[in-house]
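>>> Below is the sequence, then the predicted model.
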2 protein chains.
Amino acid sequence: MLDIAIIGSGPAGLSAAINGVIRNKSVKVFGNDPTTSYIYKAEKVDNYLGMVGVSGAEMMNQFITHAKEIGVEFHSGKVIEIFPMDGSYTLNVENTFIEAKTIILANGITKDKVLPGENEFLGRGVSYCATCDGPLYRGKTAAIVGDSEMAEEEVNYLAEVCDKVYYVPLYKNLEHIDPKVQIVMDKPVSIGGDEIVNELRLKDGNLNVDGVFIIKESIPTTQLLKGIELDDKAIKVNQFMETNLPGVYAAGDCTGRPFQVAKAVGQGTTAALQAVSYLHKLG
Amino acid sequence: MLDIAIIGSGPAGLSAAINGVIRNKSVKVFGNDPTTSYIYKAEKVDNYLGMVGVSGAEMMNQFITHAKEIGVEFHSGKVIEIFPMDGSYTLNVENTFIEAKTIILANGITKDKVLPGENEFLGRGVSYCATCDGPLYRGKTAAIVGDSEMAEEEVNYLAEVCDKVYYVPLYKNLEHIDPKVQIVMDKPVSIGGDEIVNELRLKDGNLNVDGVFIIKESIPTTQLLKGIELDDKAIKVNQFMETNLPGVYAAGDCTGRPFQVAKAVGQGTTAALQAVSYLHKLG
């Protein structure tokens, strides 16, 4: 079992990770490639003390180098959900299950807007993970809503499994979509059904489907870890980065403004040290 | 009038300063030479993301270089007290008075322990500043309690002004004390007097004096800025580093644990951005 599972590989997650490792805890960072962090695209970052006139890419590369030198381990794959167990947590990482004593949420700004019907039908036709739930739709019809080209691999996987696949992209430049997929340039409005999903309603028409996959870069925090308390859209934390759930901490943009590298790094450090102190109390 | 006066030149103060300057505010950092920050003496700092395997001195030098490149201005001299004015604050910097619209307290860990009688007689025989109040004791007898060799310059100045000077050092290796000064190796217990101070009571005897100077590296925050709210010994702040006083922010070790560079830098950034937003509201 991991001591600390860190969700997110931006500045907050990496800062938490180096501090956990330095304190001799078993730590893993779950998240997209750190180079996908939005800071990576920043032309110039001048306000992180000690690094003057660096580009976002240079800064993130220096952060990643630091983490690797300290011995931080990365686990690729998206964390779909975190379940509280008795005194620990289990992560569903695209259907691989990993246990951890503590969790540090550093998952950045997540768009928590959900479609009408999305929460209602979650697990009954709505899914956030094609790799996990795709096999349930073998020979059936599925629609996928994706917010970036990172969704396309899952779309193409579903094209292999399902009888019919609709793809509703929420972005413009599609990269590589299997020709069997029917692309629908429209705006999702709601998800409908009775006991289980039977349609995805769009602005200009409805799709009759057995399942709707919503593949976003980030999963809404309240879906990721049920029961986590928010304050407006941010995860509610105290000065020690403790959330309302025992052993769960948050750091960085997911805790709200200001959206700054220095604040993320500082909160990551605080969250990790607080997790370490919690682990010591667990004994 | 300054937009932002920053009290303290450690990582929190420098981080606040670069952010204030980048946002085009007039900023000054008040404090000891940044090389006196305790982090400067650290053999190795491994947990500030982006700088691996640096010494405390290397890190602080890189911080100072960054601040100077950005154009941060430093003002030497100790801030003795901060007075609230109508919508702004006035700093007494060893009897030079400087106005600022906002204050960022980044004064580190201050030893807020005061002697019995210290608060009671403050301004009536007790002083924190020889440069300020020395002339009032011309031809009189004064005792000085000093917690580091940084007090010695003030001791020697009082030796020129006063008729008789006792020095009670709270440290071992005295560097340079005027031979006219009588050094008393004893432990201060309390300050006594009627209307005004008349004695400094020590563990092994009392000194009859007209004034007691208490010269510490840092002035207790509650003396520095009256009315500031503490939480235990730390300055009470919310997530935006706002204190209970309008236009006053705090960052770094003075806000409590963890005492970490990353946390100080992050809070410094947050405090500065919040001050900037307050200044914009002032118009």
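Done, it's in.

>>> Model confidence at the one residue in chain A that gets nearest to chain B, what's the number?
Closest contact between chain A and chain B, by C-beta to the nearest C-beta, is at A:Gly266 (2.1 Å). Yep, even glycine has a C-beta here, placed from its N, CA and C like the rest. In this model, A:Gly266 is scored at 98, pLDDT.

>>> Ok, A:Asn173 next?
pLDDT, A:Asn173: 89.

>>> Enumerate the residues of the stretch 1-150 of chain A near chain B.
Proximity of the stretch 1-150 of chain A to chain B (C-beta under 8 Å from any C-beta of the partner chain) is limited to residues A:11, A:14-15, A:18-19, A:22, A:46-53, A:59, A:62-63, A:65-67, A:69-70.

>>> Show me those that map onto strands.
Among these, none falls in strands (DSSP state E).

>>> Just the buried ones from these?
In the residues of the stretch 1-150 of chain A next to chain B, burial by neighbour count holds for A:11, A:14-15, A:18-19, A:22, A:47-52, A:59, A:62-63, A:66-67, A:70, counting by 16 or more other C-beta atoms under 10 Å in any protein chain shown.

>>> quick one on the thing from earlier: so which of the residues of the stretch 1-150 of chain A next to chain B are in helices?
Among the residues of the stretch 1-150 of chain A next to chain B, the members found in helices (DSSP state H) are A:11, A:14-15, A:18-19, A:22, A:59, A:62-63, A:65-67, A:69-70.

>>> want to throw the residues you listed into a markdown table with pLDDT?
Listed next are these as a markdown table, based on pLDDT from 0 to 100:
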| residue | pLDDT |
| --- | --- |
| A:Pro11 | 96 |
| A:Leu14 | 97 |
| A:Ser15 | 98 |
| A:Ile18 | 97 |
| A:Asn19 | 96 |
| A:Ile22 | 93 |
| A:Met59 | 96 |
| A:Gln62 | 96 |
| A:Phe63 | 97 |
| A:Thr65 | 96 |
| A:His66 | 97 |
| A:Ala67 | 97 |
| A:Glu69 | 96 |
| A:Ile70 | 95 |
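
>>> Grab the two from the residues you listed that are most spread out in space.
Checked with C-beta to C-beta, these reach their widest spread between A:Ile22 and A:Met59, with 20.5 Å between them.

>>> just the strands in the stretch 51-200 of chain A please.
Counting by DSSP state E, counting those that start in this stretch, the stretch 51-200 of chain A has strands at residues A:73-75, A:79-84, A:89-93, A:96-105, A:126-127, A:141-146, A:164-169, A:182-183, A:188-193, A:197-202.

>>> any chance of these in JSON lines, with distance to B:Thr102 too?
Shown next, in JSON lines, are the strands of the stretch 51-200 of chain A (distance: least, C-beta to C-beta, whole Å):
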{"stretch": "strand A:73-75", "distance to B:Thr102": "41"}
{"stretch": "strand A:79-84", "distance to B:Thr102": "40"}
{"stretch": "strand A:89-93", "distance to B:Thr102": "42"}
{"stretch": "strand A:96-105", "distance to B:Thr102": "32"}
{"stretch": "strand A:126-127", "distance to B:Thr102": "48"}
{"stretch": "strand A:141-146", "distance to B:Thr102": "45"}
{"stretch": "strand A:164-169", "distance to B:Thr102": "46"}
{"stretch": "strand A:182-183", "distance to B:Thr102": "53"}
{"stretch": "strand A:188-193", "distance to B:Thr102": "46"}
{"stretch": "strand A:197-202", "distance to B:Thr102": "50"}
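
>>> Quote the end-to-end distance of stretch A:21-28.
In stretch A:21-28, first residue to last residue: 9 Å (C-alpha to C-alpha, to the nearest Å).

>>> list the buried ones in that stretch?
Within stretch A:21-28, the residues scored as buried using 16+ other C-beta under 10 Å are A:Val21, A:Ile22, A:Arg23, A:Lys25, A:Val27, A:Lys28.

>>> Ok, stretch A:68-75 next?
Buried residues in stretch A:68-75, counted by 16+ other C-beta under 10 Å: A:Ile70, A:Val72, A:Phe74, A:His75.

>>> Could you export stretch A:227-245 as CSV, CA atoms only?
Output in CSV follows, covering the C-alpha atoms of stretch A:227-245 (Å, rounded to 0.1, in the frame of the first residue of the first chain):
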residue,chain,number,x,y,z
GLY,A,227,-18.0,13.6,-0.3
ILE,A,228,-15.2,16.0,-0.8
GLU,A,229,-16.3,19.5,0.3
LEU,A,230,-16.0,22.4,-2.1
ASP,A,231,-16.1,26.1,-1.4
ASP,A,232,-17.6,27.6,-4.6
LYS,A,233,-15.7,25.6,-7.2
ALA,A,234,-12.5,25.1,-5.2
ILE,A,235,-11.7,22.3,-2.8
LYS,A,236,-12.1,23.6,0.7
VAL,A,237,-8.9,23.4,2.7
ASN,A,238,-7.6,24.8,6.0
GLN,A,239,-4.1,26.4,6.4
PHE,A,240,-2.6,22.9,6.6
MET,A,241,-4.2,21.9,3.3
GLU,A,242,-6.5,19.4,5.1
THR,A,243,-9.8,18.8,3.4
ASN,A,244,-13.0,17.6,5.1
LEU,A,245,-12.0,13.9,4.6
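
>>> do that stretch and chain B meet at all?
Yes - contact of stretch A:227-245 with chain B (C-beta under 8 Å from any C-beta) involves A:Val237, A:Gln239, A:Phe240.

>>> quick one: which helix or strand includes the first one?
Going back to what we said before, that points to A:Val237. Remark: A:Val237 resides in no helix or strand, with elements defined by DSSP states H and E.

>>> That one: what's it in contact with?
By C-beta atoms under 8 Å, 6 or more residues apart in numbering or on different chains, A:Val237 lies in contact with A:Thr243, A:Tyr249, A:Ala250, A:Thr255, A:Gln267, B:Gln239.

>>> Spatially nearest residue to the residue of chain A closest to chain B (excluding sequence neighbours)?
Sequence neighbours aside, B:Gly266 is the residue nearest to A:Gly266 in space, at 2.1 Å (criterion: C-beta to C-beta, 6 or more residues apart in numbering or on different chains).

>>> what about that neighbour, how many residues close to it?
36 (other C-beta atoms under 10 Å in any protein chain shown).

>>> Surely it and A:Ala262 touch.
Yes - between B:Gly266 and A:Ala262 there is a contact under C-beta atoms under 8 Å: 4.7 Å.

>>> which neighbours do these two share?
The contact sets of B:Gly266 and A:Ala262 overlap at B:Ser15 (C-beta under 8 Å, 6+ apart).

>>> quick one, what contacts A:Ile80?
By C-beta under 8 Å, 6+ apart, the contact set of A:Ile80 is A:Asn92, A:Val93, A:Glu94, A:Asn95, A:Tyr128, A:Cys129, A:Cys132, A:Ile219, A:Leu224.
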